[in-house]
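> Mind looking at a prediction? Sequence and model below.
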Amino acid sequence: MSIENFIFLLYILVLASYCGFELIAKVPPTLHTPLMSGSNAISGITIVGAILCVREGEVSKYLGMAALVLATINVVGGYAVTDRMLQMFKKKKS
Amino acid sequence: MYIYIEITYLIATILFIVGIKKLNKTSEARQGNILSAVAMLLAVLATLVESQLLTPVETFSCILVGGAIGLVWARRVEMTQMPEMVAIFNGFGGAASLFVAFSDYWTRAVEQPDLPTDLITIISILLSVLIGAVTFTGSLTAYGKLSGKVSGNAIVFKGQHLLNLVLLLVAVACGVLVAISTGSVTAMIVMGVISLVLGILVVIPIGGADMPVVISLLNSYSGMAACTTGFVLNNSVLIVTGALVGASGIILTQIMCKAMNRSLVSVLLGGFGATSGGGAAGAGNASDMVIKEVGVEEAAMIFDSASSVIVVPGYGMAVAQAQHVVREMMDLLEKKGINVRFAIHPVAGRMPGHMNVLLAESNVPYDKLIEMEEINDDFGNTDVVLVVGANDVVNPAARTNPASPIYGMPILNADKARTVIVSKRSMGVGYAGIENELFGYPNCLMLFGDAKSTLTKMVGELKEM
């Protein structure tokens, strides 16, 4: 990775972190648990990295496959359970 | 081709941000979650295209297996077990980052040693392995504590902090070795193993009452792990989303710490449960306490003659599955013209906002749930407070007893009400392991027994009145 590229990625990191702080500071306490399980699902974005690993050599491929299974559980399970919770919050209106 | 993939990543990033933004409102939150899931799907599809699927069978079978496990798990989990589930999923996320970084390292060190590897990449790999491993075993330990498989008490031993420091230094030394020579596989493995051990050691000294803090902190770590993996793979979508999660975890951690009037450092250094467990003085007070018991019929009469009631729900209520009876009781009382509200302490339950979810599950309207700051001054004008399965969050010792481990923690002022009725199984201590002096107060009545059965009987009594 070139140093220019690295600095560019650091810019992205700084801006995204700031963006994250701003977005999340406003979430009401009622939604903190869904927020947490939702952001937990988002952290499963490592799934993207895992897919890229599965194509390589033997050992690294199996590591990638293990990562892929775990990350998919995290992503699918996280979104599904968050949806389940948020559904309960919605029902109240009726 | 490449440009389309990057554009898809960009769209995914925007959707992630909009999705989180929508979580600000209860009415739009579900839509936000779906947007974020769509973003994830886009990112995955783009990556599948980019990787050109040299091994489509393996890739898809892994996704199918993982997806099926995740889906079944998410459907079956009890809402009271939410914290355990979040903890273990966090662990999986951390482990995935660990494996990805290690896989990338293995390629560079063993399988394709002629691949150019620069210092920035190798440092990113090292960080990713370290954070991923700590998140993995730390989360598993938190899971163990929450589900009762590991003692919920703080586990502390002499020289613990020193041991952690030494281990960290050894890990850093190994990291330096790896950075100097990419081929030092042994050093890499030693560092990975030490990181795994560190994850356990960092979480075991943290007592049960501090678990909400730990969970949100580990959540933050799993984001950071994804973020460092982004630096390893030179992938911007990983960096952005990892940073979003990292930030969210840190904010929630801050909120939790504030709610308990504890600094993050004191939580991490641990020993909350340990200090209180050693508080023999607290146990001594208990024997001096004069406790007044109340029966179901009498309690029902007290409620019947009240004009305002505040319910203080705790995790104990949810475990006893009493939240549905509590709601039924609320409906009955409201029919009699009694104002009923719920007072929610920020750390009620086992993770931030957990109590709101548990009450939402039993259809308590969320405008009935009042946050601590807003309701605390109203306790003085309230006839009856019903405490169900909550303990530490109504302990006046937090205000009055500087020797108490929870001294300084903001609490619900339940003791200020005219009458407090505490539904509790026995005189056992709460999650923080501390005696509650409220139970000895002259205005406090104890309603012993399983919350679900006593409250069901009370609902029966109320119906006949």
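Thanks, I have it.
> Considering only the stretch 151-300 of chain B, name the residue that lies closest to chain A.
At 2.9 Å from chain A, residue B:247 is the closest residue in the stretch 151-300 of chain B, using Cβ to the nearest Cβ. Just so you know, the C-beta spots here come from the backbone N, C-alpha and C atoms, and that holds for glycine as well.
> I misspoke; the intended subject was the stretch 351-465 of chain B.
residue B:353 (3.0 Å).
> neighbours of that residue, just the number please.
27 (other Cβ atoms under 10 Å in any protein chain shown).
> Identify the residues contacting it.
By Cβ atoms under 8 Å, 6 or more residues apart in numbering or on different chains, the contact set of residue B:353 is A:29-36.
> Check what pLDDT the closest residue to it other than its chain neighbours gets.
Among residues not flanking residue B:353 along the chain, residue A:32 sits closest, at 3.0 Å (Cβ to Cβ, 6 or more residues apart in numbering or on different chains). We have a pLDDT of 88 for residue A:32.
> Tell me who's in contact with residue A:32.
With Cβ under 8 Å, 6+ apart, residue A:32 has these contacts: B:252, B:255, B:351-353, B:356.
> ok, now which ones touch the residue of the stretch 151-300 of chain B closest to chain A?
Counted by Cβ under 8 Å, 6+ apart, residue B:247 has contacts A:16-21, A:24, B:220, B:223.
> can you do 10 Å?
Counting by Cβ atoms under 10 Å, 6 or more residues apart in numbering or on different chains, residue B:247 touches A:16-25, A:39, B:20, B:220, B:223-224.
> And the residues you listed, which of them are buried?
For the contacts of residue B:247, a burial check counting by 16 or more other Cβ atoms under 10 Å in any protein chain shown picks out A:16-17, A:19-21, A:23-24, A:39, B:20, B:220, B:223-224.
> Make TSV out of these and add distance to residue B:88 and pLDDT.
Shown next, in TSV, are those (distance: Cβ to Cβ, whole Å; pLDDT from 0 to 100):
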residue	distance to residue B:88	pLDDT
A:16	26	92
A:17	26	93
A:19	28	90
A:20	23	90
A:21	27	90
A:23	26	88
A:24	22	87
A:39	16	91
B:20	23	92
B:220	16	92
B:223	16	92
B:224	18	92
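> Tell me the one of those nearest residue B:377?
residue A:24 (28.4 Å; Cβ to Cβ).
> any idea which residue of chain B is furthest from its center?
residue B:114 (44.6 Å; Cα atoms, centre = their mean).
> can you give me the helices in chain A?
Along chain A, counting by DSSP state H, helices occupy A:3-25, A:32-43, A:46-53, A:58-91.
> show me what contacts residue A:1?
With Cβ under 10 Å, 6+ apart, residue A:1 has these contacts: A:8-9, B:116-121, B:124, B:231-234.
> Look at residue 43 and report its pLDDT.
Chain wasn't specified; assuming chain A. For residue A:43, pLDDT reads 91.
> please go with chain B instead
Note on residue B:43: pLDDT of 94.
> Check the spacing between it and residue B:398 real quick.
Distance from residue B:43 to residue B:398, counting by Cβ to Cβ, to the nearest Å: 45 Å.
> do the same with residue B:351
21 Å.
> got it, and residue B:315?
In this view, residue B:315 and residue B:398 are 18 Å apart by Cβ to Cβ.
> neighbours around residue B:291, how many?
Residue B:291 - counted by other Cβ under 10 Å - has 14 other residues nearby.
> give the contact list for it.
Residue B:291 makes contact with B:422, B:427, B:439-441, B:444-446, B:448, according to Cβ under 10 Å, 6+ apart.
> on that earlier part again, and the contacts of residue B:247, which is closest to residue B:7?
Using Cβ to Cβ, the contacts of residue B:247 come closest to residue B:7 at residue A:16, 18.0 Å.
> Next up, the contacts around the closest one.
Shown in contact with residue A:16 (Cβ under 10 Å, 6+ apart): B:13, B:16-17, B:227, B:236, B:239-247.
> Inside strands: which ones of the contacts of residue A:1?
Judged by DSSP state E, the contacts of residue A:1 include no members of strands.
> Go through those and flag which are in helices.
Among the contacts of residue A:1, DSSP H puts A:8-9, B:119-121, B:124, B:231-233 in helices.
> can you pick the most crowded of those?
residue B:232 (26 neighbours).
> Identify the spatial nearest neighbour of the spatially most central residue of chain B, chain neighbours not counted.
Nearest residue to the geometric centre of chain B (Cα atoms, centre = their mean): residue B:351, 3.3 Å. Nearest non-adjacent residue to residue B:351, counting by Cβ to Cβ, 6+ apart: residue B:83, 4.4 Å away.
> ok, back up a step: counting neighbours, go ahead and name the busier of residue B:43 and residue B:398.
For residue B:43 versus residue B:398, neighbours defined as other Cβ under 10 Å are more numerous around residue B:43 (26 against 21).
> still on that earlier bit, confirm the residue farthest from the centre of chain B sits in a strand?
No - using DSSP: H, G, I helix; E, B strand; the rest coil, the assignment for residue B:114 is coil, not a strand.
> For it, give me its contacts.
Listed by Cβ under 10 Å, 6+ apart, the contact set of residue B:114 reads residue B:108.
> mind checking how far it is from chain A?
13 Å (Cβ to the nearest Cβ, to the nearest Å).
> quick one, phi/psi of that residue?
Backbone torsions of residue B:114, given as degrees, to the nearest 10, read phi -80, psi 0.
> any idea how far it is from residue B:183?
12 Å.
> any low-confidence regions in chain B?
For chain B, the stretches with pLDDT under 70 are B:1, B:53-54, B:270-288, B:429-433.
> ok, 50 please
Residues of chain B that meet the criterion pLDDT under 50 lie in B:273-286.
> And the contacts of stretch A:17-26?
A:32, A:35, A:39, B:13, B:16-25, B:223-224, B:227, B:239-252, B:254-255.
> one step back: let me have the helices of chain A in CSV, extended by distance to residue B:36.
CSV is the format used below for the helices of chain A (distance: least, Cβ to Cβ, whole Å):
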stretch, distance to residue B:36
helix A:3-25, 12
helix A:32-43, 6
helix A:46-53, 14
helix A:58-91, 7
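> Quickly compare the ones you listed and say which is most buried.
When those are scored by mean count of other Cβ atoms under 10 Å in any protein chain shown, the highest mean neighbour count falls to helix A:32-43 (a mean of 30).
> mind saving the C-alpha coords of it as PDB?
What follows is helix A:32-43, C-alpha atoms only, in PDB (Å, rounded to 0.1, in the frame of the first residue of the first chain):
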ATOM      1  CA  HIS A  32     -30.300   1.400  22.100                       C
ATOM      2  CA  THR A  33     -30.600  -2.400  22.100                       C
ATOM      3  CA  PRO A  34     -31.800  -2.600  18.500                       C
ATOM      4  CA  LEU A  35     -29.000  -0.100  17.600                       C
ATOM      5  CA  MET A  36     -26.500  -2.300  19.200                       C
ATOM      6  CA  SER A  37     -27.600  -5.500  17.600                       C
ATOM      7  CA  GLY A  38     -28.000  -3.600  14.300                       C
ATOM      8  CA  SER A  39     -24.500  -2.200  14.400                       C
ATOM      9  CA  ASN A  40     -23.300  -5.600  15.500                       C
ATOM     10  CA  ALA A  41     -24.700  -7.000  12.200                       C
ATOM     11  CA  ILE A  42     -23.000  -4.200  10.300                       C
ATOM     12  CA  SER A  43     -19.700  -5.100  11.900                       C
END
